[in-house]
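Asker: I would like to see how this sequence folds:
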Amino acid sequence: MNKMGKPVKPRANLLLLLAGLLFVVVNTAQTRGQSVPVQTKAKPAEIAARLETMLPPLMKEAQIPGLSIALVRDGKLVWQHGYGVKNAQTQEPVTDTTVFEAASLSKPVFAYAVLKLVDAGKFDLDTPLNKYLPGNYDVADDARIGQITARHVLSHRTGFPNWRNGALKIFFTPGQRYSYSGEGFVYLAKVIEHVTGQSFNDFMKATVFTPLGMTNSSYIWQNSYDTQKTFRHDASGKVTGQNRQGSANAAASLHTTAQDFGLFVAAILQGRGLKPATRQLMLTSQGNVLAGGANSLFRPNAQPVPDVSWGLGWGLQTTKDGVSFWHWGDNGNCKAYVVAFEKQKLGVVFFANSARGLSIAREIVAATVGGEQPALTWLNYESYNSPPRRLLKNILAQGAEAALNEYRQQRKEQPANAIPEDQMNSLGYELLNVHQRVKDAIAVFQQNVADFPQSSNVYDSLGEAYAISGDKAQAIKNYERAVALDPNNTGSAEALKKLRATP
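Answerer: Residues are numbered from 1 along each chain as shown. The predicted structure follows:
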């Protein structure tokens with residue numbers, strides 16, 4: 001295996017120059033919302049040099065302490081490298097063997113294992129799961145539990161929520177439409193444990209990790225992770241621990257390295273471990289996702305997204321370059337992304353130890369594999385360089401009053417940079433909850449009130465900020481306005497009731 005993640009030596013000056021020029025082209029295209037061609041001709045050494053040039057300043061700008069990337073070319077893992085630090089306090093560097101959280105990248109690995117059982121004749125995709133695991137699982141008084149199959153789970157068509165809030169419910173007829181669900185994977189994992197007689201992690205180790213050489217991967221905490229695993233960082237850059245999860249979760253608890261996951265992506269591209277027809281089924285659309293985001297339980301009439309769908313465990317996107325499979329991971333203060341082109345046998349996976357990890361996903365994908373990425377458009381994670389991000393950095397640097405004055409002037413000159421209501425509101429809450437800048441948060445919410453005076457929600461947020469600041473009179477005034485604009489705003493009404501009852 002060729003590990004070309006070491007610092008580029010002086011004799012590679014020409015390569016660095018080329019990398020710098022490519023970075024300018026890639027970054028300019030991304031800024032303009034354009035895609036770059038699939039990087040079939042760029043050699044791994046060129047991509048390594050390109051990343052060496054672009055990533056350190058990009059990570060600094062995006063406030064991402066640590067990152068690890070693996071590149072697959074011609075169906076083989078050809079390169080991996082770590083950047084930055086595991087822990088912003090200790091400054092311990094990320095290495096090629098640093099373990100990250102895969103988050104929802106856990107799901108396609110589990111899907112692959114399930115399909116290996118199918119190939120072995122030990123499991124069927126279309127047999128109702130409660131035929132394998134008798135009873136109603138955790139769902140009470142809903143006969144539709146008897147309709148849910150592994151195919152529904154792996155394509156997110158169970159009718160389950162992503163995660164339950166109280167009792168687990170089925171919100172629509174299984175198979176009817178798409179809505180992303182981690183709960184479905186948890187259910188299927190219990191079924192597989194029953195079928196195989198193995199604990200979940202033992203099953204995954206025997207079925208996937210050992211055959212593919214994924215030596216640093218586990219769905220449960222390993223003692224070696226004490227020193228090997230990175231730490232999480234919140235949106236402000238604060239260290240928030242290692243998330244030492246003790247029990248396996250098929251949907252979210254995989255810990256792994258970029259190298260290990262790169263080996264998994266290479267196995268999918270090679271067709272290793274699955275019968276050809278089964279592998280093809282994994283990468284065949286079971287139905288399109290819906291506009292507006294992954295969780296669509298309460299948007300039954302949302303329109304299908306034409307170029308983005310779901311196979312069995314993988315998201316799929318179809319562009320002029322053919323079909324590519326992809327997935328994202330979001331465990332809060334850590335993020336992950338993977339995409340691979342089927343025809344070109346080309347892919348990339350990266351892990352980040354930051355809540356902001358996906359804010360540079362487009363830049364990383366463009367620099368390593370290129371191609372159109374409708375999935376990233378559908379996911380709609382905020383770019384590190386979006387107008388709200390720029391405003392936030394300016395507020396943190398010089399305070400809200402000066403920063404908002406500059407923002408108002410800039411949007412006069414460039415109306416396209418005006419920040420929408422929901423994004424400005426989110427910025428206010430980030431100042432309030434993450435940075436504890438209450439005065440600045442109030443100023444941002446006031447700006448939102450000025451921009452959207454008929455929105456009940458903006459007055460509710462301003463009222464909340466005033467209440468936190470201790471200004472009861474202003475809190476009451478703004479909550480009253482929120483209720484006047486929307487009598488059904490029960491949150492504001494309840495807050496108002498509590499404030500009036502407080503001496």
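
Asker: now for the particular helix or strand that has Pro211 in it, which elements pack on it?
Answerer: Using DSSP states H and E, Pro211 falls within helix 210-212. In terms of contacts (3 or more C-beta pairs under 8 Å, 6 or more residues apart in numbering; DSSP states H and E), helix 210-212 is packed against helix 258-270. In this view, the C-beta of every residue, glycine as well, is placed from N, C-alpha and C.

Asker: average pLDDT across the helix or strand following the helix it packs on?
Answerer: Under the assignment DSSP H and E, the closest C-terminal helix or strand after helix 258-270 is helix 276-282. Averaged over helix 276-282, pLDDT sits at 97.

Asker: returning to what we had before: buried ones in the helix holding Pro211?
Answerer: By 16 or more other C-beta atoms under 10 Å, the buried positions in helix 210-212 come out as Leu212.

Asker: mean confidence for that helix?
Answerer: Average pLDDT, helix 210-212: 98.

Asker: and the contacts of the helix or strand following it?
Answerer: Going down the chain from helix 210-212, the next helix or strand is helix 225-228, by DSSP H and E. Residues outside helix 225-228 that contact it (C-beta atoms under 8 Å, 6 or more residues apart in numbering): 97-99, 216, 218, 242, 244, 255.

Asker: by mean pLDDT, which helix or strand of this protein comes out lowest?
Answerer: Across the helices and strands of the chain, mean confidence by mean pLDDT, DSSP states H and E is lowest for helix 13-31: a mean of 44.

Asker: just the CA coordinates for the strand or helix carrying Lys131, please, in PDB.
Answerer: Element membership for Lys131 (DSSP H and E) is helix 129-132. What follows is helix 129-132 as a C-alpha-only set of coordinates in PDB (Å, rounded to 0.1, in the frame of the first residue of the first chain):
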ATOM      1  CA  LEU A 129     -38.600  -9.300  10.300                       C
ATOM      2  CA  ASN A 130     -41.000 -10.500  13.000                       C
ATOM      3  CA  LYS A 131     -41.000 -13.900  11.300                       C
ATOM      4  CA  TYR A 132     -37.400 -14.100  12.500                       C
END
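
Asker: can you name every helix or strand that it contacts?
Answerer: helix 182-196.

Asker: which residues does the helix it packs on contact?
Answerer: With C-beta under 8 Å, 6+ apart, helix 182-196 has contacts from 104, 106-107, 110, 113-114, 117, 122-123, 129, 132-133, 137-138, 148, 150, 152-154, 156, 158, 160-164, 168, 199-200, 203, 248-252.

Asker: also stretch 450-467?
Answerer: Residues contacting stretch 450-467 (C-beta under 8 Å, 6+ apart): 421, 424-425, 428-429, 432, 438, 441-442, 445-446, 448-449, 472, 474-479, 481-483, 485-486, 489, 491-492, 495, 499.

Asker: next one: it to chain centre, how far?
Answerer: In terms of C-alpha atoms, centre = their mean, to the nearest Å, the centre of stretch 450-467 is found 29 Å from the chain centre.

Asker: got phi/psi on Ala140?
Answerer: Main-chain torsions, Ala140, degrees, to the nearest 10: phi -100, psi 140.

Asker: quick check, it in contact with Ala167.
Answerer: Yes: Ala140 lies in contact with Ala167 (C-beta atoms under 8 Å); the separation is 6.8 Å.

Asker: hang on, the earlier thing: mind putting the contacts of helix 225-228 into JSON lines with distance to Asp74?
Answerer: Below are the contacts of helix 225-228 laid out as JSON lines (distance: C-beta to C-beta, whole Å):
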{"residue": "Thr97", "distance to Asp74": "24"}
{"residue": "Thr98", "distance to Asp74": "26"}
{"residue": "Val99", "distance to Asp74": "27"}
{"residue": "Asn216", "distance to Asp74": "24"}
{"residue": "Ser218", "distance to Asp74": "29"}
{"residue": "Gln242", "distance to Asp74": "35"}
{"residue": "Arg244", "distance to Asp74": "37"}
{"residue": "His255", "distance to Asp74": "28"}
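
Asker: for Leu117, give its distance to Gln198.
Answerer: The spacing between Leu117 and Gln198, counted by C-beta to C-beta, to the nearest Å, is 11 Å.

Asker: swap that for Met54, sorry
Answerer: Distance of Met54 to Gln198, computed by C-beta to C-beta: 44 Å.

Asker: which of those two has more residues huddled nearby?
Answerer: Each of Met54 and Gln198 has its neighbours counted (other C-beta atoms under 10 Å); Met54 has more, 22 against 15.

Asker: give me the phi and psi angles of the closest residue to Phe261 other than its chain neighbours.
Answerer: The shortest distance from Phe261 to any non-neighbouring residue, by C-beta to C-beta, 6 or more residues apart in numbering, is to Val349 (4.8 Å). With angles defined as degrees, to the nearest 10, Val349 sits at phi -130, psi 140.

Asker: which residues are in contact with Lys169?
Answerer: Lys169 makes contact with 139, 142, 160-161, according to C-beta under 8 Å, 6+ apart.

Asker: ok, and what's touching stretch 152-167?
Answerer: Applying C-beta under 8 Å, 6+ apart, the external contacts of stretch 152-167 come out as 111, 114, 125, 129, 138, 140, 144, 148, 151, 168-185, 187-188, 286-287, 294-295, 297, 310-313.

Asker: next, the buried residues of that stretch.
Answerer: Applying 16+ other C-beta under 10 Å to stretch 152-167 flags 152-162 as buried.

Asker: and if you look at stretch 465-478?
Answerer: 465-467, 471, 474-476, 478.

Asker: got it, and stretch 52-62?
Answerer: By neighbour count on 16+ other C-beta under 10 Å, the buried set for stretch 52-62 is 52-55, 58-59, 62.

Asker: ok, now stretch 126-134?
Answerer: For stretch 126-134, burial by neighbour count (16+ other C-beta under 10 Å) applies to 128-130, 132-133.

Asker: nearest to Glu363 among those residues?
Answerer: Of all the buried residues of stretch 126-134, Glu363 sits closest to Leu129, with 40.6 Å by C-beta to C-beta.

Asker: got the contact list for the residue nearest to Phe261?
Answerer: 69-70, 72, 105, 258, 261-262, 265, 336-338.

Asker: next, Ala484: phi, psi?
Answerer: phi -60, psi -40.

Asker: any idea how far Ala102 is from it?
Answerer: 47 Å.

Asker: more neighbours, those two?
Answerer: Comparing Ala484 with Ala102 by other C-beta under 10 Å, the one with more neighbours is Ala102, at 29 against 12.
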